[in-house]
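1. sequence and predicted model, in that order:
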Amino acid sequence: MRRILHIKNQLRSPRLVRYTLYAIGEIILIVIGILIASQIDTWNEERKIKLKLRVQLNELLRELEQDVKQLAWVQDANTFRYQGFQYILRMANENQTNSINNQADTARTNVWPRAIPETFSKEYYDLVFEWMERPILYVPFSGTYDQIKSEGLFYYIMDEKLKHSIDNYYYNINWKFNEIKEATFQANNRDFINYMRNRVGIISGNKNIKIPEPKVLIKLDPIMNLNIMEMSSLALYRANNAEDSKVTALQLIDNIKRWLKESGDN
């Protein structure tokens, strides 16, 4: 009984109370220190990730700018090819409804920066045949986009609209221009060139071969007109796809630059 009373007295001792409070305070300080250190580590890690994201987005911008240049070239070349095929049909008078009635018909290109001749022009005609053998292939590169997604950096873009526009761009461009479609297009173009060589003996760049004028050309084979119309439609399809993708890429470039500017170093 005396021992119990002694222990009670010790527990009530001011010194023990002070030591206990001190120990509790030390524990609290240690816990707070651990939490602060953990929060700092988390903050530093997120800062590193966001910095890496900014680096990757700047790399993505460079790739998109290259896309714009290549898509502009695909658009330009295929617009000329389309105009050239239409020119042959107009000069042959085989398609009376084949009039100049849309922007692609009248747009000036780097291949032919002048107005399309309204009458027969051997210079223009020869250039059309030269460009029949230049399909201008394009397969988009999505390396940086794939890396951003695979490394989980996409999560740190706190702009759902921007994330959607990035996803949408790469989905659409890979649907319009992928390896399978480009290989199919190249094969179709090669088949057309072989067809022209077999029927007409036309070889681009061979000055010893005289290319028949449009009216004669169309009459060489009953399906010549249909084949030219098919290649014309394909060229227009590629030109339109390239233009749409180019416009989307330019918009995406502006959106990414805006996000980088607004996000700053936060």
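-> That came through fine.

2. ranges for the helices of the stretch 151-266 of the chain?
-> Secondary structure of the stretch 151-266 of the chain (DSSP state H, counting those that start in this stretch): helices located at 160-176, 179-200, 214-219, 224-263.

3. with mean pLDDT and distance to Arg108 as extra columns, can I get the ones you listed in TSV?
-> From N, CA and C alone the C-beta is placed, and that goes for glycine too. Listed next are those as TSV, based on pLDDT from 0 to 100; distance: least, C-beta to C-beta, whole Å:
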stretch	mean pLDDT	distance to Arg108
helix 160-176	94	24
helix 179-200	89	24
helix 214-219	87	22
helix 224-263	94	13
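
4. could you point out which of those sits nearest Leu137?
-> Closest of those to Leu137 is helix 179-200, at 4.9 Å (criterion: C-beta to C-beta).

5. buried residues of the closest one, list them for me.
-> Within helix 179-200, the residues scored as buried using 16 or more other C-beta atoms under 10 Å are Lys181, Glu182, Phe185, Asn189, Phe192, Ile193, Met196, Val200.

6. just give the closest residue to the third one, not the sequence neighbours.
-> Nearest non-adjacent residue to Phe185, counting by C-beta to C-beta, 6 or more residues apart in numbering: Pro135, 6.4 Å away.

7. how much space separates that neighbour from His164?
-> In this view, Pro135 and His164 are 33 Å apart by C-beta to C-beta, to the nearest Å.

8. more crowded one of the two?
-> Comparing Pro135 with His164 by other C-beta atoms under 10 Å, the one with more neighbours is Pro135, at 23 against 10.

9. what about that one, which SS state?
-> coil (DSSP: H, G, I helix; E, B strand; the rest coil).

10. how many other residues sit next to Gly201?
-> The burial count for Gly201: 13, using other C-beta under 10 Å.

11. what sits against the nearest residue to Val111 once chain neighbours are set aside?
-> Counting by C-beta to C-beta, 6+ apart, the nearest residue to Val111 once its immediate chain neighbours are dropped is Phe80, at 4.0 Å. Each residue near Phe80 by C-beta atoms under 8 Å, 6 or more residues apart in numbering is listed here: Thr109, Val111, Trp112, Trp131.

12. what's the farthest-apart pair in those residues?
-> Thr109 and Trp131 (10.0 Å).
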